[in-house]
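[1] here is my input; please provide its structure:
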Amino acid sequence: MMDSQENILEQGQVEDVEKKAEAVAAEAEVQNKEQETPEKPETQEKPETPEKPETQEAQKTYATKTEILERLKEIVAGEENPSKDEVDLLKTQFYKLHIAEREAQLKTYLDAGGDPETYQIKPDEDEDVFKAEMSVIKERRAQQFQQQEAEKQENLTKKLDIIERIKALITSPDEANKAYQEFKELQGKWREIKAVPAEKANELWRSYQLYVEQFYDLLKLNNEAREYDFRKNLELKTKLCEAAEKLAEEEDIISAFHQLQELHQQYREIGPVTKELREQVWTRFKAASTVINKRHQQHFEELRSKEEENLARKTELCEKVEAIAAEENKGAGDWEKHTKEIIEVQNEWKTIGFAPQKMNVKIFERFRATCDDFFARKAEYFKQMKERFAENAEKKRALVEKAQALADSTDWKSTSDKLIALQKEWKTIGMVPKKLGDQLWSDFLAACNKFFEARNAATAGTRNEERENLSKKREIIAELKKLVDDKVDDVQDKVQSLIEQYSQVGHVPFREKDKLYGEYHEVLDRIYKELNISSARRRLDNFRSSLKNLAKRDEDALDNERTRLMRRYEQLKQEIQTYENNLGFLNAASKKGSSLIDEMKRKVQKLKDDYNLTREQIKAIDAENSKEAEEQQQEEQQEQ
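    Next up, the predicted model:
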């Protein structure tokens with residue numbers, strides 16, 4: 001799905017690596033062409049694009065990757081060093097064919113019904129060969145660049161030596177005419193020496209031009225020879241001015257700019273004109289150059305503006321795809337929805353051109369990283385979902401086999417419990433693919449129905465008896481509720497009698513069992529609670545009444561009783577904690593409505609009632625002691 005993006009990145013990476021050396025070389029070359037401005041040295045603007053192709057190979061269109069590879073191999077095998085434009089052309093056309101080929105493979109796979117999530121890009125041997133050949137060319141160009149830099153340094157040394165020699169000629173004005181031939185030879189050597197380091201070019205040329213003009217001013221040549229040189233130079237420079245002015249009609253601004261650099265190089269190599277015309281000729285040539293330079297500058301400003309717009313649009317798409325990828329995916333539907341949204345964003349991305357070179361790779365890496373992360377998480381989700389489906393299907397198959405094995409059993413009670421347990425376990429198992437899930441459920445339900453239909457037919461009489469028992473137990477529960485509402489005497493004996501009657505009644509229908517059980521124990525809990533509250537109140541009142549007699553009988557009796565009650569208080573507290581811990585384990589392991597759990601809850605409530613009673617008794621002793629202390633204090637005050 002990210003096939004085309006991966007290829008774009010590979011292409012961008014190759015360009016980025018090679019452009020570093022090539023851009024430096026191109027800049028230096030243009031600067032060297034601009035280094036020898038006549039009369040008034042001025043530097044032409046630096047080009048911002050590679051030179052226009054000058055060979056048929058740099059303009060050729062290739063139909064297949066094989067043709068491109070053959071051309072690369074031809075370059076590597078030969079001695080030539082291809083232009084940057086031809087290398088860029090080969091690179092662009094190769095990846096254009098490469099991307100189209102991969103997209104065609106993906107389309108064929110999808111048209112054949114393939115799953116886009118499982119599609120894998122096939123390795124491309126042509127791309128490996130392409131990268132290997134390009135690597136050789138890149139190394140060769142880098143070596144050439146180093147050689148050029150070394151040659152420039154050597155050329156700088158040679159030109160500095162020529163300047164020194166011309167300076168030496170100027171120091172002997174009387175010998176100027178005799179040294180004219182040597183001077184012309186030095187000029188010839190100067191022209192033969194080509195590029196020097198860009199940062200030294202203008203300063204070097206100004207120095208050279210200064211001493212050349214000083215030498216000419218010293219020459220005592222006859223006017224006829226001098227005027228001939230000036231006329232010849234004027235004729236040549238006028239033609240260059242006309243050629244520069246004609247470049248304004250050139251539609252290809254890049255070509256016009258590079259042609260202008262050649263004209264500047266020729267202009268520098270032509271000698272001076274008469275002093276009166278120097279400024280005029282140079283102004284004309286400079287004006288024609290300014291027109292081309294402005295068009296060239298405007299062209300690249302427009303390109304930069306478009307690239308900035310592309311960067312802004314791509315940044316928006318990055319933010320958009322990041323927001324989509326950050327959304328929660330609760331199920332397969334969400335994953336598919338977000339996948340479609342991301343693919344739409346990817347298709348929009350492909351319609352946008354390059355961003356500025358320093359940001360082009362970075363913005364794409366940001367976009368691709370988000371997409372790759374999303375699709376990796378999606379693949380992992382569906383992988384795990386398939387694994388869960390397979391695991392759930394196996395579990396359900398096992399339950400179907402167990403249910404089918406029990407379908408013919410006549411052990412109604414035991415088998416019913418087992419099948420009900422299997423049904424509950426079935427509900428705990430997750431989803432499986434719909435078609436398989438429907439079949440498994442159909443098989444499982446058929447086995448359960450077969451048993452329960454046979455059981456119902458065999459136990460029809462038993463169900464009538466259970467309905468009668470249900471009516472009896474409801475009558476007993478109604479009588480228990482009446483005891484609570486009417487507050488009759490001897491309620492405890494009557495409750496015990498009704499409990500015995502309830503326990504003697506047989507089974508009730510299974511579906512009513514839990515509901516009936518809850519009603520029964522709810523009314524019992526109310527009865528026991530009220531009995532415990534009234535009993536505790538009476539015991540506390542009796543205890544308070546006995547405190548005065550106890551204190552009169554023995555001065556230490558209250559303290560002893562309080563000590564005993566404190567021990568009782570701590571003991572009850574410990575017992576309550578133990579029972580509640582046990583209840584926690586039983587609640588986690590037992591079924592709802594277990595009689596053992598209910599019995600323990602009533603026991604805990606009884607202990608809590610005793611606990612509260614003991615606490616109130618201790619407070620009563622503390623109050624009695626406080627009262628005695630106040631009475632004793634009053635007696636002592638009266639005696640005083």
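[2] was I right about Lys603 contacting Glu580?
    No: look at Lys603 against Glu580 with C-beta atoms under 8 Å: they stay out of range, at 10.7 Å. C-beta: built from backbone N, CA, C; applies to glycine.
[3] just for the stretch 101-250 of the chain, where's the confidence low?
    The stretch 101-250 of the chain contains residues with pLDDT under 70 at 173-177, 219-225.
[4] quick one: the strands in the protein?
    Assigned strands in the chain: none (criterion: DSSP state E).
[5] now do the residue minimising distance to the centre of it against Thr339, distance only.
    In the chain, the centroid-proximal residue (C-alpha atoms, centre = their mean) is Thr370; its distance is 4.3 Å. To Thr339, Thr370 is 13 Å away according to C-beta to C-beta, to the nearest Å.
[6] over to Arg226?
    Note on Arg226: its distance to Thr339, by C-beta to C-beta, is 83 Å.
[7] burial check on the spatially closest residue to Met359 that is not a sequence neighbour, number of neighbours?
    Nearest non-adjacent residue to Met359, counting by C-beta to C-beta, 6 or more residues apart in numbering: Leu311, 5.7 Å away. By other C-beta atoms under 10 Å, 18 other residues sit near Leu311.
[8] surely Leu311 and Pro356 touch.
    Yes: under the criterion of C-beta under 8 Å, Leu311 makes contact with Pro356 at 6.1 Å.
[9] per-residue confidence at the residue nearest to the centre of the chain?
    On pLDDT, Thr370 comes in at 89.
[10] what residues of stretch 615-627 count as buried?
    By neighbour count on 16 or more other C-beta atoms under 10 Å, the buried set for stretch 615-627 is 616-618, 620-621, 624.
[11] low-confidence bits of the stretch 351-500 of the chain, can you list those?
    459-463, 484-492.
[12] could you rerun that using 90?
    Scanning the stretch 351-500 of the chain for pLDDT under 90 picks out the ranges 351-363, 365-367, 370, 374, 377-378, 380-397, 399-400, 402-420, 422-447, 449-500.
[13] tell me where it has helices.
    Remark: helices assigned in the stretch 351-500 of the chain by DSSP state H, counting those that start in this stretch are 357-406, 412-428, 434-458, 460-486, 491-504.
[14] over to the stretch 1-150 of the chain?
    3-33, 65-77, 84-111, 125-170.
[15] that older thread, tell me how far the residue nearest to the centre of the chain lies from Phe364.
    Counting by C-beta to C-beta, the separation of Thr370 from Phe364 is 11 Å.
[16] what does His507 give?
    For His507 relative to Phe364 (C-beta to C-beta), the value is 75 Å.
[17] neighbour count for these two, which is higher?
    Taking other C-beta under 10 Å, His507 and Phe364 do not tie; Phe364 has more neighbours (19 against 12).
[18] give me the phi and psi for Glu328.
    phi -70, psi 140 (degrees, to the nearest 10).
[19] cool, Ala179 as well?
    Dihedral angles (degrees, to the nearest 10) for Ala179: phi -90, psi 0.
[20] same check, this time on Gly114
    Backbone torsions for Gly114, taken as degrees, to the nearest 10, come to phi -70, psi 160.
[21] contacting residues around the nearest residue to Trp349 once chain neighbours are set aside?
    Of all residues not flanking Trp349 in the chain, Leu317 sits nearest, at 5.5 Å (C-beta to C-beta, 6+ apart). If a contact means C-beta atoms under 8 Å, 6 or more residues apart in numbering, then Leu317 has 345, 348-349, 352, 367 as its contacts.
[22] if you rank the residues you listed by neighbours, which is first?
    With neighbours defined as other C-beta under 10 Å, the most crowded of the contacts of Leu317 is Phe367; it has 23 neighbours.
[23] I figured that residue hits Ile352, correct?
    No: taking C-beta under 8 Å as the definition, Phe367 is not a contact partner of Ile352, at 10.5 Å.
[24] which neighbours do the two share?
    314, 317.
[25] look up how far Ile68 lies from Arg206.
    Taking C-beta to C-beta, one finds Arg206 at 47 Å from Ile68.
[26] no no, Trp426
    63 Å.
[27] His98 now?
    Between His98 and Ile68 the computed distance is 10 Å (C-beta to C-beta).
[28] cool, Asp252 as well?
    25 Å.
[29] who has more neighbours out of these two?
    Using other C-beta under 10 Å as the criterion, Asp252 and Ile68 rank with Ile68 on top: 24 against 10.
[30] so what's the more buried one up against?
    62, 90, 93-94, 97, 130.
[31] may I ask which two of those are separated the most?
    Tyr62 and Phe130 (12.0 Å; C-beta to C-beta).
[32] which of these two has more neighbours?
    Phe130 (22 against 17).
[33] doesn't Arg71 make contact with the more buried one?
    No: using C-beta under 8 Å, Phe130 makes no contact with Arg71, being 10.9 Å away.
[34] about what we covered before: let me know the closest of the buried residues of stretch 615-627 to Asp556.
    For the buried residues of stretch 615-627, with Asp556 as the reference and C-beta to C-beta as the criterion, the closest is Ile621, at 12.3 Å.
[35] gap between the nearest residue to the closest one once chain neighbours are set aside and Lys608?
    Sequence neighbours aside, Arg562 is the residue nearest to Ile621 in space, at 4.6 Å (criterion: C-beta to C-beta, 6+ apart). Arg562 sits 21 Å away from Lys608, going by C-beta to C-beta.
[36] over to Gly437?
    50 Å.
[37] pull out the buried positions in stretch 557-566.
    Within stretch 557-566, judged by 16+ other C-beta under 10 Å, the buried ones are 558, 561-562, 565.
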